[in-house]
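>>> A predicted structure for the sequence below; I have some questions about it.
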Amino acid sequence: MTQGTRRGFLKSASVAVAGMALTRDIPAWADSTSVPGAVQVWGTYREKRHAQGESLKWKPASEVAANAIVIDAGAARQEMLGFGAAMTDATCYVLSQIHEEQRAALMHEFFAPEEMALNVCRTCIGSSDYSRTVYSFDESEQPDPELKKFSIDHDKAYILPMLREARKQNPELFLFSSPWSPPGWMKSNGSMLGGAMQPKSFRPYAKYFLKFLEGYKAEGVAINAVTIQNELDTEQDGRMPACLWAQEHEMMFVAMHLGPVLRKAGMDTKIWILDHNYNLWGRVIDELSFPPMSAYVDGVAWHGYVGEATAMTRVHEAFPKIGAHWTEGGADYTQPDYLTNWTEGAETFNGIVNNWAQSITCWNLALDEVGKPNVGPFPCGGIVSVENGTQKVTRTGLYWSLAHFSRHVKRGARLIATNGIGGGDFEHLGALTPIQGLPSSDIVDGKMRTGVTHAGFRNPDGSFVMVLTNSSAATKRIQLLMGGNSLEVELPADSVHTLKWS
């Protein structure tokens, strides 16, 4: 990244117009004469992968570019929990098969605070579609309401060891867990594949959650939060572990069973609802409007396969004390840009955090080169790909997207306002390609994409972080404005950059 010249970079506007822009768009505290420190820069574009470049320097602002972005450090929003990916059965198995020394190095890279610093991960309560087999923690052929056959022994082979290793690398790792299906005997179709939940199973299912949490804790892996059901509005045509939950059933289960059971047991595990797409925001508002349920709810888990990230803002405006967490999203390993789609991931993340999400958790952390193990129908790829036989590890485009956030935005950071003077931002985006369906054209929902998106943060130590993406095919030169100071930044085509300063 290089600084463009002021003459080539700024629009040729009159001093009077520039002054009006400064007066209109820069907050009152911007008359500060202090100049921020040197700006460290990391970039991913062309052959570079999160490569550190030359530092940049702030200067007193005298003109305002038409595409300027104003950083308002005084407008702090949500507190960030962190970034990570799913530790599914498939992921844990793939990691467990890597040679010990190589695996130790990879786990250090993923989780150590001085490396990728992943600090929020998702686990599965029983089988997901990314498992070696379909299984639950109570495989009774007959109804077992007393859970006499409950066992987490399946997870002791490689899932719990990998989770312990991750927590060893990062003791602050936040784990949340989601079921893809209750045991088949709890459902109307008697199978973990498709079907719907039966209200008569609510009592034993709440106990099932409690025994899972207690069992994991006894194995040294405390779980910080649970969701009720992964993607509760689809049964996936019976092709994989899945379960339909009617809205009133989720409300009854949390209010009358799971919430009281966990509270009585003294568990501090948080409850997140929905765990499904943006377009179900109306359901969320209805559920949170029911006090017997909302009394137990800490947050909402969101997916971006359908709808827009602004759904999270709608819910936040109605229930500002309820957290928002983006809990699933990945890429298709069959797509030609699987290893290079870093801008698509990063601009998606910008849209997510700008709509009040406190955490971002991608889908499988590691899979093999053909998206296996997998008992389901979808061709998802891992954040890293581990080749069968050679055990060669390939870092994908989404890995590099994640690195620009997880390596720099610390837990407890606050999102700060970053506003484009010229408009054209598309913070409504919240979908990854190709599975999540982000269009590759320059038109999104009838709006022209400028190619540049942004998100700003202030870390607990006072440092500032700015993530900038340029998804267009042309170099973009932009101006950042902060506290009466200006920074000129050149963003190559198809690039992601992280800036950090004090």
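Cool, the structure landed.
>>> check what pLDDT residue 342 gets.
Per-residue confidence at residue 342 stands at 98 (pLDDT).
>>> give me phi/psi at it?
Main-chain dihedrals, residue 342, degrees, to the nearest 10: phi -70, psi -30.
>>> I figured it hits residue 400, correct?
Yes: counting by CB atoms under 8 Å, residue 342 touches residue 400, with 4.4 Å between them. From N, CA and C alone the C-beta is placed, and that goes for glycine too.
>>> excluding chain neighbours, what is closest to residue 337?
Leaving aside its chain neighbours, residue 337 sits nearest to residue 397 (6.6 Å; criterion: CB to CB, 6 or more residues apart in numbering).
>>> list the contacts for the one you found?
Neighbouring residues of residue 397 by CB atoms under 8 Å, 6 or more residues apart in numbering: 331, 337-342, 344-345.
>>> tell me how far it lies from residue 335.
Computed as CB to CB, to the nearest Å, the residue 397 to residue 335 distance reads 10 Å.
>>> overlap in contacts of the two?
Counting by CB under 8 Å, 6+ apart, the residues touching both residue 397 and residue 335 are residue 341.
>>> helices or strands up against the strand ranked longest in the chain?
Using DSSP state E to define each element, the chain has its longest strand at strand 69-79. With contacts defined as 3 or more CB pairs under 8 Å, 6 or more residues apart in numbering; DSSP states H and E, strand 69-79 has these neighbours: strand 357-364, strand 414-420, strand 452-458, strand 464-470, strand 476-482.
>>> can you list the weak-confidence ranges in the protein?
Where the chain drops to pLDDT under 70, the residues are 1-33, 422-450.
>>> just give me the residue closest to the centre of it.
Nearest to the mean C-alpha position of the chain, by CA atoms, centre = their mean, lies residue 360 at 1.6 Å.
>>> is that one bridged to anything, and to what?
For residue 360, the beta-bridge partners under DSSP bridges are residue 83, residue 326.
>>> surely residue 143 touches residue 185?
Yes: between residue 143 and residue 185 there is a contact under CB under 8 Å: 4.8 Å.
>>> so between the two, which is more surrounded?
residue 185 (21 against 14; other CB atoms under 10 Å).
>>> that one is in contact with residue 145, isn't it?
No: Residue 185 lies out of contact with residue 145 (CB under 8 Å); the separation is 9.0 Å.
>>> could you find the closest non-adjacent residue to residue 88?
Excluding its sequence neighbours, the residue lying closest to residue 88 (CB to CB, 6+ apart) is residue 130, at 4.3 Å.
>>> thought the one you found was touching residue 376?
Yes: look at residue 130 against residue 376 with CB under 8 Å: they come within range, at 7.0 Å.
>>> count the residues that sit near the closest residue to residue 169 other than its chain neighbours.
Distances taken as CB to CB, 6+ apart place residue 111 nearest to residue 169, at 3.7 Å, with adjacent residues excluded. A count of nearby residues for residue 111, using other CB under 10 Å, gives 25.
>>> pull the contacting residues for residue 111.
Listed by CB under 8 Å, 6+ apart, the contact partners of residue 111 are 117-119, 166, 169-170, 173.
>>> show me where the stretch 251-400 of the chain has its helices.
Here the stretch 251-400 of the chain has its helices, by DSSP state H, counting those that start in this stretch, at 259-264, 281-288, 291-294, 310-318, 342-353, 397-406.
>>> how about those helices in JSON lines, adding distance to residue 137?
Below are these laid out as JSON lines (distance: least, CB to CB, whole Å):
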{"stretch": "helix 259-264", "distance to residue 137": "16"}
{"stretch": "helix 281-288", "distance to residue 137": "26"}
{"stretch": "helix 291-294", "distance to residue 137": "25"}
{"stretch": "helix 310-318", "distance to residue 137": "31"}
{"stretch": "helix 342-353", "distance to residue 137": "32"}
{"stretch": "helix 397-406", "distance to residue 137": "30"}
